[in-house]
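> Provided below are the primary sequence and the corresponding predicted coordinates.
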Amino acid sequence: MGIRIGVAGASGYAGGELLRLIAGHPEFELVAATAHSQAGKPVAVVHPHLTGLDLILTETTPDVFADTDLVFLALPHGESGAVAAALPASAKVVDLGADHRLHDAAAWTRYYGGEHAGAWTYGLPELPGQRELIAGSSRVAATGCYAVATTLALAPLLHSGLAEPDDVVVVAASGTSGAGKSAKVHLLGSEVMGDLSPYKVGAHQHVPEIKQATGATGLSFTPVLAPMPRGILATVTAKPTNCDITAGVVRAVLADAYGDEPLVHLLPEGAWPHTAATLGSASAHLQATVDVDSGRIIVVSAIDNLGRGAAAQAVQCANIMFELPETSGLSVFGVAP
Ligand SMILES: NC(=O)C1=CN([C@@H]2O[C@H](COP(=O)(O)OP(=O)(O)OC[C@H]3O[C@@H](n4cnc5c(N)ncnc54)[C@H](OP(=O)(O)O)[C@@H]3O)[C@@H](O)[C@H]2O)C=CC1
Ligand SMILES: CC(=O)N[C@@H](CCC(=O)OP(=O)(O)O)C(=O)O
């Protein structure tokens, strides 16, 4: 028998991607998959792309997860805390939601509302020292989708002292699956197709998370809804600490941070990230330069929001928690065209 896995919120977009990755994982065995309004339906009805996975979605109750070694929580914000508290202490947990990411309870209340469930180990293995913390944790909070795209681009600049922490500007576009599967008027095809629209301008909930993960103190973040199902492209610009900085120096810092990382790729010089190239993969693609006009450092990152931004990131953390090879069950490569 493999490592017994439960998925709460398996009918959602992130949950569906988790089911797909678990089905291809050499050590994981799916033993429980739960839903809310869709409970009672076969997986293949809710997720036609998972036809062949013969499983009925059940209600999200603690007893369903009694015999699991690890539970992934892919629930709406604010729902994970209560479910996690009722899980057996013996089961490891990776939460894909935001409930346990922030250390600052006041920031939680400001951006999400309601009571803070408490902070867990932050699930971004590429941050210095974080892989070791994840390995020693039984409770891990996977990152936000925009947060991972931005943090991977920004953290090496700030940790190396290359950029000022108080002047970071990010514009990031996301596909519509980032907003989840529930019906919302602004996500209708007739609203989204042929349109690009900013939202939560100056008020996005990932700002405190990115600041916590990178050490940025001044961060302007503008998200943009893009007419595509998957993908995030984040353009991060920062003021250098030394005005003589070159693109080569920035690339060298990123290469040093990620040269040994299997899932973060600095693209060859001159090649810029495309969201399409990351789809279906666990990889993040990065490229950098210095804008000769403004003098600012520019780093662009691309991820699949449901892959590296959600399910693949969660599986990467679970692999570390079980001392498995970090890329087990994950694809470094995307699907194209
Ligand atoms: N989508 C993305 O790109 C990313 C998502 N995440 C996080 O992952 C989590 C899930 O997101 P996503 O899959 O997009 O969301 P979806 O809306 O697609 O799915 C939500 C899931 O939670 C279930 N659910 C809804 N309400 C409740 C409830 N009250 N109690 C128990 N279960 C409930 C739904 O069940 P049913 O359908 O049966 O009603 C569904 O399975 C969120 O916290 C999100 O922030 C993190 C990173 C990226
Ligand atoms: C396109 C879109 O609406 N995206 C969502 C991402 C929310 C999400 O998934 O949040 P976590 O990554 O924190 O779990 C948003 O901007 O609020």
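Looks like it arrived, so ask away. Ligands and ions are numbered 1, 2, ... in the order given.

> Next, count neighbours for whatever residue of the stretch 1-150 of the chain ends up closest to ligand 2.
Nearest residue of the stretch 1-150 of the chain to ligand 2 (Cβ to the nearest ligand atom) works out as G144 at 3.2 Å. For glycine as for every other residue, the C-beta is placed from the backbone atoms N, C-alpha and C. Neighbours of G144 under the rule other Cβ atoms under 10 Å: 25.

> and it, what is it in contact with?
By Cβ atoms under 8 Å, 6 or more residues apart in numbering, the contact list for G144 reads A98, R101, Q205, H206, E209, G309.

> quick one, phi/psi of the residue nearest to T61 when sequence neighbours are not counted?
Excluding its sequence neighbours, the residue lying closest to T61 (Cβ to Cβ, 6 or more residues apart in numbering) is T34, at 7.7 Å. T34 adopts backbone torsions of phi -120, psi 160, taken as degrees, to the nearest 10.

> Kindly state the beta-bridge partners for T34.
A8, T58 (DSSP bridges).

> thought it was touching T58?
Yes: taking Cβ atoms under 8 Å as the definition, T34 is a contact partner of T58 at 5.3 Å.

> Give me the more crowded residue out of these two.
T34 (25 against 15).

> Around the closest residue to A213 other than its chain neighbours, count how many other residues there are.
The spatial neighbour of A213 that comes closest, neighbours along the chain excluded (Cβ to Cβ, 6+ apart), is T151 at 4.5 Å. Neighbourhood size, T151 [other Cβ under 10 Å]: 29.

> what's the spacing between T151 and ligand 2?
Distance of T151 to ligand 2, computed by Cβ to the nearest ligand atom, to the nearest Å: 12 Å.

> How about the secondary structure of that residue?
At T151 the chain is in helix, as set by DSSP: H, G, I helix; E, B strand; the rest coil.

> quick one: buried residues of stretch 105-119?
A107, W108, Y111, Y112, H116, A117, G118, A119 (16 or more other Cβ atoms under 10 Å).

> what two of the residues you listed are the furthest from one another?
Of all pairs drawn from the buried residues of stretch 105-119, the greatest distance, 15.9 Å, lies between Y111 and G118 (Cβ to Cβ).

> so what's M1 up against?
Per Cβ under 8 Å, 6+ apart, neighbours of M1: E29.

> overlap in contacts of T34 and T58?
What both T34 and T58 touch, as defined by Cβ under 8 Å, 6+ apart, is the set V64.

> State the distance from the most far-flung residue of the chain relative to its centre to ligand 1.
The centre of the chain is farthest from one residue, D244, which by Cα atoms, centre = their mean lies 33.9 Å away. Separation of D244 from ligand 1 (Cβ to the nearest ligand atom) stands at 38 Å.

> Equivalent analysis for A153, please.
To ligand 1, A153 is 17 Å away according to Cβ to the nearest ligand atom.

> so how far is S160 from the residue nearest to A213?
14 Å (Cβ to Cβ, to the nearest Å).

> Next: A23.
Taking Cβ to Cβ, one finds A23 at 40 Å from S160.

> try P240
Distance from P240 to S160, counting by Cβ to Cβ: 11 Å.

> Between the two, point out the one with more neighbours.
Neighbours around P240 and S160, counted as other Cβ under 10 Å, are more numerous at P240. The numbers are 20 against 16.

> May I have the beta-bridge partners of that one?
Beta-bridge partners, per DSSP bridges, of P240: A163.

> Enumerate every residue touching it.
P240 sits next to L162, A163, E164, V290, G295, R296, I297 when contact means Cβ under 8 Å, 6+ apart.

> Report the buried members of those residues.
Buried by 16+ other Cβ under 10 Å: L162, A163, E164, V290, R296, I297, out of the contacts of P240.

> What segments of the stretch 151-300 of the chain are strands?
Taking DSSP state E, counting those that start in this stretch as the test, the strands found in the stretch 151-300 of the chain are 163-174, 197-198, 219-225, 232-240, 264-266, 284-290, 297-303.

> before we move on, back to that, quick check on the residue of the stretch 1-150 of the chain closest to ligand 2: phi, psi?
Backbone phi and psi, for G144 under degrees, to the nearest 10, turn out to be phi -70, psi 160.

> Compute the number of surrounding residues for V292.
So V292, with other Cβ under 10 Å, has 9 neighbours.

> now do F333
Neighbour number of F333 under other Cβ under 10 Å is 11.

> these two touch, right, it and L279?
No: assessed by Cβ under 8 Å, F333 is found out of contact with L279, at 10.2 Å.

> Could you export the buried residues of stretch 105-119 to JSON lines, including columns for pLDDT and secondary structure?
Shown next, in JSON lines, are the buried residues of stretch 105-119 (pLDDT from 0 to 100; DSSP: H, G, I helix; E, B strand; the rest coil):
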{"residue": "A107", "pLDDT": "96", "secondary structure": "helix"}
{"residue": "W108", "pLDDT": "95", "secondary structure": "helix"}
{"residue": "Y111", "pLDDT": "95", "secondary structure": "helix"}
{"residue": "Y112", "pLDDT": "94", "secondary structure": "coil"}
{"residue": "H116", "pLDDT": "92", "secondary structure": "coil"}
{"residue": "A117", "pLDDT": "93", "secondary structure": "coil"}
{"residue": "G118", "pLDDT": "94", "secondary structure": "coil"}
{"residue": "A119", "pLDDT": "97", "secondary structure": "coil"}
